[in-house]
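Trainee: I would like to see how this sequence folds:
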Amino acid sequence: MISRKERSKLLVSRYAYWVFAIGVGMMLLLLEEADIEPFFSITSFFYWSLLAYWAARWTFRQIRSTLRQKREKTNVELLHLQSQVNPHFFFNTLNNLYGLIEKDSKKAKDMVLKLSDMMRYSIYEGQKDWVILEDELEYIRNYIELHKVRYHKETDIKLNLHIQQEGIRVMPLLFIILLENAFKHGVENLRKEAYVHIHLIASETEINFAIENNFDINEQSEEPGIGLQNLERRLELVYPKRHTFSHTATNNIYKAQLTLKSK
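Mentor: Down below sits the predicted model:
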């Protein structure tokens, strides 16, 4: 939003422009009626030149102000969307920790450290425009490890990574939405033979992320979840015309494919 000081400056400049335009314009009319040709011609030239300059300057400021407001609105929307990522996961994990402390204190301590790292990343790194891909993948690894402890059943989880170059930048907390869906709608509702397979290939120009999981077909929802809507909106804002995203559910297999292209 425009500050009060900037708004006051815009109003003052606008009033000054119209005072000048009207005042000097009336003076030119008087000069023309007085038939003072040389002085009238010189004054008229400077008048119209300065008027055009002020008009162009005012138009430029208005465009810049509009673009700034649009950018700030986009940033606010992004922060709101990112703040919606994974809140219930943290609460569920804390509940599991409560029950685990007496049973296995060592495992509980390990979970606390991983959860602490995830919360720190989500709060601080998650608010940034860009993060390093390796940090984002560490967040995903911690998420998977915590879920392995949470669910007391065998789950086939595979994380296949092929990173051709270190230091690739990516928007934070994108992939976790798809991974969270795989656990929430797949692993959580299956009693046995649940699986989640993740593949990521990253180069300097492109990142390909694919995830596949099975689910209980009786638990399938017809409506898209808020997580996917969140993801699609964030992609539109940050990767306009530089991403492809598709997801399909066939029988009891869910697949999602996300491709991000660098600028």
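Trainee: double-check that Leu200 belongs to a strand.
Mentor: Yes: under DSSP: H, G, I helix; E, B strand; the rest coil, Leu200 sits within a strand.
Trainee: in this protein, which spans are helices?
Mentor: Secondary structure of the chain (DSSP state H): helices located at 4-34, 37-83, 87-103, 105-124, 133-150, 175-185, 226-238.
Trainee: give me the number of residues near Tyr98?
Mentor: Using other C-beta atoms under 10 Å, Tyr98 has 10 neighbouring residues. (Each C-beta comes from the backbone N, C-alpha and C, glycine too.)
Trainee: er, Ile177 actually
Mentor: That count, for Ile177 with other C-beta under 10 Å as the rule, works out to 23.
Trainee: and what of Arg234?
Mentor: Applying other C-beta under 10 Å, we find 20 residues neighbouring Arg234.
Trainee: show the low-confidence segments of the chain, by residue range.
Mentor: The chain contains residues with pLDDT under 70 at 1-88, 220-225, 263.
Trainee: let's see that with 80 instead.
Mentor: Applying pLDDT under 80 to the chain flags residues 1-100, 102, 126-127, 149-153, 218-227, 263.
Trainee: can I see the domain layout of it?
Mentor: For the chain, automatic domain parsing gives the domain ranges 4-76, 87-261.
Trainee: do you know how far Leu100 is from Leu146?
Mentor: For Leu100, the distance to Leu146 (C-beta to C-beta, to the nearest Å) stands at 11 Å.
Trainee: then Leu200?
Mentor: 19 Å.
Trainee: tell me the contacts of the closest residue to Leu161 other than its chain neighbours?
Mentor: Using C-beta to C-beta, 6 or more residues apart in numbering and skipping residues adjacent in sequence, the residue nearest Leu161 is Leu200, 5.1 Å away. By C-beta atoms under 8 Å, 6 or more residues apart in numbering, the contact list for Leu200 reads 137, 159-163, 175, 207-210.
Trainee: buried subset of those residues, written for ChimeraX?
Mentor: Buried residues within the contacts of Leu200, by 16 or more other C-beta atoms under 10 Å, are selected in ChimeraX with:
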select :137,175,207,209,210
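Trainee: what is the nearest of the contacts of Leu200 to Asp104?
Mentor: Nearest to Asp104 among the contacts of Leu200: Leu159, at 24.3 Å, using C-beta to C-beta.
Trainee: just list whatever residues bridge to the nearest residue to Arg242 once chain neighbours are set aside.
Mentor: Among residues not flanking Arg242 along the chain, Lys261 sits closest, at 4.4 Å (C-beta to C-beta, 6+ apart). Bridge pairing for Lys261 (DSSP bridges) gives the partners Glu206.
Trainee: give me the neighbour count for Lys261.
Mentor: Look at Lys261: counted by other C-beta under 10 Å, it has 12 neighbours.
Trainee: Glu166 too?
Mentor: So Glu166, with other C-beta under 10 Å, has 9 neighbours.
Trainee: then Lys192?
Mentor: Around Lys192 there are 7 residues (other C-beta under 10 Å).
Trainee: what's near enough to touch it?
Mentor: Lys192 sits next to 153-154 when contact means C-beta under 8 Å, 6+ apart.
Trainee: now, among the contacts of Leu200, which is nearest to Leu190?
Mentor: Nearest to Leu190 among these, with distances taken as C-beta to C-beta, is Leu159, at 19.0 Å.
Trainee: distance check, the residue lying closest to the closest one once chain neighbours are set aside against Tyr143.
Mentor: Distance criterion C-beta to C-beta, 6+ apart; nearest residue to Leu159, sequence neighbours excluded, is Ile198 at 4.9 Å. Distance, Ile198 to Tyr143, using C-beta to C-beta: 11 Å.
Trainee: where do the contact lists of these two overlap?
Mentor: Contact criterion C-beta under 8 Å, 6+ apart; residues bridging Ile198 and Tyr143 by contacting each: Leu179.
Trainee: burial check on Leu173, number of neighbours?
Mentor: When counting by other C-beta under 10 Å, one arrives at 25 neighbours for Leu173.
Trainee: let me fix that, I meant to ask about His199.
Mentor: Using other C-beta under 10 Å, His199 is surrounded by 15 other residues.
Trainee: got it, and Asn251?
Mentor: 8.
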